[in-house]
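Trainee: predicted coordinates and the sequence they were generated for:
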Amino acid sequence: MAREGYLSLRGPVARGIGVVLAANLLFFALMTLAPGEPRLVAARVRNAYETGELGTVSYRWFDTRRGVFQHNDCLVLEMLSNRHSSTLERALAPRTYVTENEHNPCVLLRALVVDGVDPATLILADRFTRYWHGYNALTGLALRSMELGDFRRLLRCAVWLSIAVLALATLRSGFVARRTGLTIALAAATVWGVQYSAPGLSQGPGDAFLVLGLAGIAAWPKWTARLAAIVPYAAGFGAGVVFFEMFTGQLPTAVAWLAALTLAAARDQEPLGGLAAPRAVLAAVSAFVLGAAATVVVKQSLALALVGPKAAGSFAEHLSLWARVPESVNHVPGVLRPFLELIRQSRTLTFGNSAAGYGLLAATALVWAVAATRGWRRRATPPGGDVRILLGAALVPIVWVLLLPNHTSVHAWLMVRLLVVPISLALVALLWPVWIARRPLVARWSARGDSIRTT
């Protein structure tokens, strides 16, 4: 039995490894070939400052045209416009600068590009070796032919289009997956804060890729019935999310939504044969995590080979910093601070309305209490077990916060978007027993339809 299990996994795992290696080769090629000429990027930056598309403010709260996180946008543009000693250094260890009194990248970008300050008079900051910087490649490629404002409009369109694609892709899914996918798409469109993040250079590309990755499961739900399909797909999905991730929350959001949608699609496929739903979820999540982890390792290995021990030291230093438990303030234990900060920032999910944000979180907690209670009562049944899996997916952001409490506390206004996961899956968990009760009839009809079409 153990040998049969090993043989059944060997092929899918080999395909998954192949997909991740191919993806990282593609990432490396994009990072070395896609970014444009620094002088052209600098010209785009100067025009952006002249037109007001860029300023010296790091955070533009509730700005739907330029996005909130201007801090990261200026970092991206600085990495692309700064001169480097080699193409490899630019790709794997891009430069940023600071001064003893100034760490605002938007101020420093203006000083370098507009005011002509000599980089030699500045302090070379910790090189950004800890990320793949896929957004650098995409931004550099875009700025070859368009201004920054045009690219931001393109990013907004891409994110909204990806959500629409996910909704439309569910039409190819079964009864449960269609409803699960539509619920996720609705949450993404309303309480994910995309109106403020989509124009961001470091957020828009990752958000669009994340949703399109989910759309693949919705459009081809039969992949969840075969290890040979779901393992390489999920591994490649995890690698792609890492490529665009800059610690802005896409990783935990992607793996949680992947688990929920895989569970739904696999349940629809069960009457037609294939993997059991829990096994499909385990395979998808494991492949996603391993694909993501392998991509991080590949990037760090390349950076280590280029810049030496500094790369590993930078990665370890920042990881240690973000994993630190914040200090207690006003008798609030440090371990609770990130959660309280997320609650305070919930208005980001409700168009700036704090009361609505608090109400949304309270309603989510209430719905989860009802869903978990019902799931516990039916714990011996498949629907009850599924609710536990959905609860586990909803808790992924909580686990992320516990692993990186200091990062969440410092960037709560940004990481609050993680809460879209428990918010979106609360309704799914509540209605899951009803959907499963109705699913067999739909599944049998689908099987009959397939038979008719192949005759």
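Mentor: Everything's here; your move.
Trainee: stretch 218-228: end-to-end distance?
Mentor: 17 Å (C-alpha to C-alpha, to the nearest Å).
Trainee: which outside residues touch it?
Mentor: For stretch 218-228, the surrounding residues in contact (C-beta atoms under 8 Å, 6 or more residues apart in numbering) are 8-9, 11-12, 15, 166, 169-170, 172-174, 177-178, 181, 216-217, 229-230, 233, 261-262, 265-266, 268-269, 272-275, 280, 283-284. To be clear about C-beta, it is placed using only N, CA and C from the backbone, and glycine gets the same treatment.
Trainee: for stretch 37-51, same thing?
Mentor: Residues outside stretch 37-51 that contact it (C-beta under 8 Å, 6+ apart): 35, 53-55, 77, 80-84, 109-110, 113-114, 140, 143-144, 147-149.
Trainee: so how far is that stretch from its chain's centroid?
Mentor: Distance of stretch 37-51 from the chain centroid (C-alpha atoms, centre = their mean, to the nearest Å) equals 28 Å.
Trainee: which positions within it qualify as buried?
Mentor: 38, 41-42, 44-45, 48-49 (16 or more other C-beta atoms under 10 Å).
Trainee: so where do the strands sit in the stretch 101-250 of the chain?
Mentor: 123-124 (DSSP state E, counting those that start in this stretch).
Trainee: the helices in it, which residues?
Mentor: Taking DSSP state H, counting those that start in this stretch as the test, the helices found in the stretch 101-250 of the chain are 105-113, 134-142, 148-169, 175-190, 194-197, 204-219, 227-244, 250-269.
Trainee: for those helices, give me JSON lines that also has mean pLDDT, distance to residue 72 and mean neighbour count.
Mentor: Shown next, in JSON lines, are those (pLDDT from 0 to 100; distance: least, C-beta to C-beta, whole Å; neighbours: other C-beta atoms under 10 Å):
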{"stretch": "helix 105-113", "mean pLDDT": "94", "distance to residue 72": "8", "mean neighbour count": "22"}
{"stretch": "helix 134-142", "mean pLDDT": "96", "distance to residue 72": "9", "mean neighbour count": "24"}
{"stretch": "helix 148-169", "mean pLDDT": "97", "distance to residue 72": "13", "mean neighbour count": "20"}
{"stretch": "helix 175-190", "mean pLDDT": "97", "distance to residue 72": "20", "mean neighbour count": "23"}
{"stretch": "helix 194-197", "mean pLDDT": "94", "distance to residue 72": "10", "mean neighbour count": "23"}
{"stretch": "helix 204-219", "mean pLDDT": "97", "distance to residue 72": "11", "mean neighbour count": "25"}
{"stretch": "helix 227-244", "mean pLDDT": "97", "distance to residue 72": "12", "mean neighbour count": "26"}
{"stretch": "helix 250-269", "mean pLDDT": "96", "distance to residue 72": "13", "mean neighbour count": "27"}
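Trainee: name the residue closest to the centre of the chain, please.
Mentor: residue 250 (1.6 Å; C-alpha atoms, centre = their mean).
Trainee: ok, of the buried residues of stretch 37-51, which one's closest to residue 194?
Mentor: residue 48 (22.0 Å; C-beta to C-beta).
Trainee: now the closest one, what's its secondary structure?
Mentor: helix (DSSP: H, G, I helix; E, B strand; the rest coil).
Trainee: just use 236 as the starting number from now, easier for me
Mentor: Taking 236 as the first residue, the last one we looked at is residue 283.
Trainee: related to what we said a few turns ago, just checking, the residue nearest to the centre of the chain touches residue 445?
Mentor: Yes - using C-beta atoms under 8 Å, residue 485 is in contact with residue 445, at 5.2 Å.
Trainee: so for these two, which residues contact both of them?
Mentor: In contact with both residue 485 and residue 445: residue 476, using C-beta under 8 Å, 6+ apart.
Trainee: from the buried residues of stretch 272-286, pick the one nearest residue 672.
Mentor: The closest of the buried residues of stretch 272-286, once distances to residue 672 are taken by C-beta to C-beta, is residue 283, at 55.0 Å.
Trainee: pull the number of nearby residues for residue 363.
Mentor: 21 (other C-beta atoms under 10 Å).
Trainee: contacts only, for it.
Mentor: Counting by C-beta under 8 Å, 6+ apart, the residues that residue 363 touches are 310, 314, 328-329, 331.
Trainee: looking at those residues, which is nearest residue 550?
Mentor: The closest of the contacts of residue 363, once distances to residue 550 are taken by C-beta to C-beta, is residue 328, at 11.6 Å.
Trainee: quick check: pLDDT value at the closest one.
Mentor: Note on residue 328: pLDDT of 87.
Trainee: quick check: closest non-adjacent residue to it.
Mentor: residue 362 (4.3 Å; C-beta to C-beta, 6 or more residues apart in numbering).
Trainee: hang on, the one you found packs against residue 325?
Mentor: No - counting by C-beta under 8 Å, residue 362 does not reach residue 325; the two are 10.6 Å apart.
Trainee: have a look at those two and say which one is more surrounded.
Mentor: residue 325 (22 against 19).
Trainee: the more buried one belongs to a helix?
Mentor: Yes - judged by three-state DSSP, residue 325 forms part of a helix.
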